[in-house]
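> Okay, structure incoming, though there's no sequence with it:
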């Protein structure tokens with residue numbers, strides 16, 4: 001549905017999913033995450049990551065496809081996609097009695113991929129490890145793709161510039177452990193087009 005309204009969204013969903021799996025796999029080599037990031041975690045992440053912007057189907061085209069900077073009112077409207085996505089997935093899980101664990105992970109990514117490690121993100125202002133791990137991983141991947149991708153309202157930036165921005169936001173926007181893993185696997189991420 002998202003790709004039908006905006007073809008670039010489909011490419012973003014695939015790239016950011018692939019980045020997330022590579023990054024999580026790298027993070028799983030760190031002692032702190034060995035028991036948390038299992039094969040099941042990675043499999044769930046693969047399917048869950050593409051659900052992160054499902055709530056954007058409820059955002060009007062005038063906002064979603066706008067060629068230019070969003071006004072404060074439009075940005076507030078855009079931020080609603082995290083609530084909408086979470087609600088859609090929760091209601092689907094409940095209505096159809098679904099038990100697939102990737103849906104629960106998808107709901108977490110939907111709801112929390114715009115939270116920031118320093119607690120200054122949205123929707124709830126969660127910080128640090130209050131943010132589910134899958135959302136902390138995905139937040140970096142989503143930002144990396146957004147920085148690199150050309151959009152109607154901006155040019156895409158280089159991998160090097162994206163790296164600089166992400167490192168500068170370590171401990172602010174991004175979990176420092178996730179940033180370290182990102183730096184360790186950057187060549188694999190760069191290979192994704």
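It's in. Here the structure is a predicted model, which is why all the values come from computation and not from measurement.

> I'd like the distance from the helix or strand containing residue 183 to the chain centre, please.
Using DSSP states H and E, residue 183 sits within helix 176-184. How far helix 176-184 lies from its chain's middle: 15 Å, per CA atoms, centre = their mean, to the nearest Å.

> And it, what does it pack against?
Counting contacts by 3 or more CB pairs under 8 Å, 6 or more residues apart in numbering; DSSP states H and E, helix 176-184 packs against helix 7-27, helix 133-148, helix 159-168. For every residue, glycine as well, the C-beta is placed using N, CA and C.

> Now do that helix: everything it contacts.
Among residues not part of helix 176-184, those counted as contacts by CB atoms under 8 Å, 6 or more residues apart in numbering are 23, 26-27, 29-30, 32-33, 117, 136-137, 140, 144, 163, 166-167, 170, 189.

> Recalculate using a threshold of 6 Å.
23, 26-27, 136-137, 140, 170 (CB atoms under 6 Å, 6 or more residues apart in numbering).

> so after that helix, what's the next helix or strand?
Stepping forward along the backbone from helix 176-184, the first helix or strand reached (DSSP H and E) is helix 186-190.

> elements contacting that next one?
Under the contact criterion of 3 or more CB pairs under 6 Å, 6 or more residues apart in numbering; DSSP states H and E, helix 186-190 touches helix 7-27.

> can you pull the buried residues of the helix it packs on?
Residues 9, 12-13, 15-27 are the ones in helix 7-27 that count as buried (16 or more other CB atoms under 10 Å).

> relative to helix 176-184, how tilted is it?
100 degrees (axes from the mean of the first three to the mean of the last three CA atoms, to 10 degrees).

> chain center to helix 7-27: distance?
Worked out by CA atoms, centre = their mean, helix 7-27 lies 8 Å from the chain centre.

> What is it packed up against?
helix 2-5, helix 39-48, helix 133-148, helix 176-184, helix 186-190.

> between the helix holding residue 183 and helix 133-148, how many degrees?
Here the directions of helix 176-184 and helix 133-148 differ by 50 degrees (the same axes, to 10 degrees).
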